[in-house]
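Participant: could you work out the structure for the sequence below:
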Amino acid sequence: MLIIMVYALVQALLMHPSYSAAVCDNSILYPAPIPLGVSGRNSNAPCGQNGTLGCLVQDPAGNQYILSCNHVLSRLNQDIGENILHEEPKNCGSNRVVAQLTKFKTIYFDLPGFNNYVDAAIAKVVRGEVRSDGYINCIGKVSSWVLQDTPLGLEVQKSGLTTGLTEGRVIEVGKPVGITYEGHSTIMLDTIKIEGINGPFTQRGDSGSLVVTKAVEGRHPCMPVGLLFTGKDIEQTGIACPIVHVLDAFPAIAIVGTNEVPKFLPQGTISSTTISQLQTVIKRHQANLIQDKDVIGLGLAIPLGGNTPVIKIHVVRDDEAVRRRLPLHLDGNPVLIEKMESFELN
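Facilitator: Numbering: from 1, shown residues only. Coordinates of the predicted model:
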């Protein structure tokens, strides 16, 4: 009898809305309706190939969907209609179907000239299986208002399967990155690079996490910034697609969250005036510079150990011949030339 009573008490605690914030463990099996930010896997993906069920979105008809990465929900450009499971990554076989794959943004591999901006997919929620308020484990409800532009130096957070709740700082915007996945390669343009604070921002299994700002009472709630899709443990960094690109990939879809109107937009550690001036310089020179066959794109970055933003020219190869062709300053602003970083989808 005592065992039954204890079990009932545990189940009641699991169902309580405050449980998610108190436990903050995204790797366990949650009873329905589950919060977001927890473990998920395509039913046809190998056992253990789990990612994060990032957040909840909704269409004008009121249909709700889980938003996560293409490579998490659709096994990378695979079949619509496949089941999405909620399960512990080391204990497969739960058969807890929480959604069905509905749509994904195709990622083009090994096709020069095709531009990728998003690693994202949506899966229609099975009624009663997912919290309808968009609650993200460890974070809570986020804003349905999203950041249109990501400020350098902005402090952000995410809730993911492997590392749980982590905090970071935006150190690059407009960054093109090389992507490899199961022997195939491509380029993802205009990404956000995030440096972890007091540890890694992400590890394998965190892909699909929604990156949001921290809430500041009286100014703004947690506002969506991007969708995390890869990173590097050794650098303690993560790479995210800007949330505006993600939502553009699924017209009429909006993030489910609080409708609290931000009184002030979140700010980074770099002056918005400085950023605006540098963005203007980039726009003035970008069309000309990308005519160079070795130039992939231009972005803004905070150099390691510094706090002064610089313009970066990202190139496919970095040698003396390339550097002779490219400027070291643009309109008097210093320029860093950097070989494009490569990442594996995780």
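Participant: packing partners of the helix or strand hosting I66?
Facilitator: When elements are assigned from DSSP states H and E, I66 belongs to strand 64-68. For strand 64-68, the elements it packs on are strand 51-53, strand 55-58, strand 97-104, strand 121-125, judged by 3 or more C-beta pairs under 8 Å, 6 or more residues apart in numbering; DSSP states H and E. Where C-beta positions appear, they are placed from N, C-alpha and C, glycine not excepted.
Participant: the shortest one pairs with which strands?
Facilitator: Under the criterion DSSP bridges, strand 51-53 sits next to strand 38-42 (antiparallel) in its sheet.
Participant: break down the stretch 201-346 of the chain into its strands, ranges please.
Facilitator: Using DSSP state E, counting those that start in this stretch, the strands of the stretch 201-346 of the chain run over residues 210-213, 224-232, 237-242, 254-255, 295-301, 310-315, 329-330, 333-339, 342-344.
Participant: switch these over to TSV; also include mean pLDDT, distance to V118 and mean neighbour count.
Facilitator: Shown next, in TSV, are the strands of the stretch 201-346 of the chain (pLDDT from 0 to 100; distance: least, C-beta to C-beta, whole Å; neighbours: other C-beta atoms under 10 Å):
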stretch	mean pLDDT	distance to V118	mean neighbour count
strand 210-213	97	14	29
strand 224-232	97	8	27
strand 237-242	98	5	26
strand 254-255	97	15	18
strand 295-301	96	16	22
strand 310-315	97	18	23
strand 329-330	96	28	14
strand 333-339	95	23	15
strand 342-344	93	15	15
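Participant: buried set for stretch 321-332?
Facilitator: Across stretch 321-332, burial judged by 16 or more other C-beta atoms under 10 Å covers 322, 326, 330.
Participant: what lies in contact with the strand holding I66?
Facilitator: Surrounding strand 64-68, the residues in contact under the criterion C-beta atoms under 8 Å, 6 or more residues apart in numbering are 36, 40, 51-59, 73, 84, 98-99, 102, 120-125, 130, 132, 207-208, 210, 227, 246, 253, 255-256.
Participant: with distance to E260 as new columns, can the buried residues of stretch 321-332 be given to me in JSON lines?
Facilitator: What follows is these, written out as JSON lines (distance: C-beta to C-beta, whole Å):
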{"residue": "V322", "distance to E260": "48"}
{"residue": "L326", "distance to E260": "45"}
{"residue": "L330", "distance to E260": "40"}
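Participant: returning to what we had before: now the buried members of the contacts of strand 64-68.
Facilitator: Under a neighbour-count criterion of 16+ other C-beta under 10 Å, the subset of the contacts of strand 64-68 counted as buried comprises 36, 40, 51-59, 73, 84, 98-99, 102, 120-125, 130, 207-208, 210, 227, 246, 253, 255-256.
Participant: list the helices and strands whichever helix in the chain runs longest packs on?
Facilitator: Counting by DSSP state H, the longest helix found in the chain is helix 272-289. With contacts defined as 3+ C-beta pairs under 8 Å, 6+ apart, helix 272-289 has these neighbours: strand 295-301, strand 310-315, strand 329-330.
Participant: what residues does the shortest one touch?
Facilitator: Looking back up the chat, that one is strand 329-330. Contact with strand 329-330 is made by 281-282, 284-285, 311, 335, as judged by C-beta under 8 Å, 6+ apart.
Participant: which two among the residues you listed are spaced furthest apart?
Facilitator: By the measure C-beta to C-beta, those have their two most distant members at R284 and V335, which lie 13.1 Å apart.
Participant: circling back to that earlier point, V142: which of the helices and strands packed on strand 64-68 is closest?
Facilitator: The closest of those to V142 is strand 55-58. By C-beta to C-beta, the value is 7.0 Å.
Participant: returning to that earlier point: TSV for the helices and strands packed on strand 64-68, including mean pLDDT and distance to T273?
Facilitator: Listed next are the helices and strands packed on strand 64-68 as TSV, based on pLDDT from 0 to 100; distance: least, C-beta to C-beta, whole Å:
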stretch	mean pLDDT	distance to T273
strand 51-53	98	36
strand 55-58	98	32
strand 97-104	98	39
strand 121-125	98	37
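Participant: make JSON lines out of these and add distance to I270.
Facilitator: Output for the helices and strands packed on strand 64-68, formatted as JSON lines (distance: least, C-beta to C-beta, whole Å):
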{"stretch": "strand 51-53", "distance to I270": "29"}
{"stretch": "strand 55-58", "distance to I270": "27"}
{"stretch": "strand 97-104", "distance to I270": "34"}
{"stretch": "strand 121-125", "distance to I270": "33"}
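Participant: could you pull out the helices for the stretch 51-200 of the chain?
Facilitator: All helices of the stretch 51-200 of the chain, identified by DSSP state H, counting those that start in this stretch, fall at 70-73.
Participant: low-confidence ranges in it?
Facilitator: Applying pLDDT under 70 to the stretch 51-200 of the chain flags no residue at all.
Participant: can you do 80?
Facilitator: 93-94, 111-113 (pLDDT under 80).
Participant: show me this structure divided up by domain.
Facilitator: Taking automatic domain parsing as the reference, the chain has its domains at 2-125, 155-255, 272-344.
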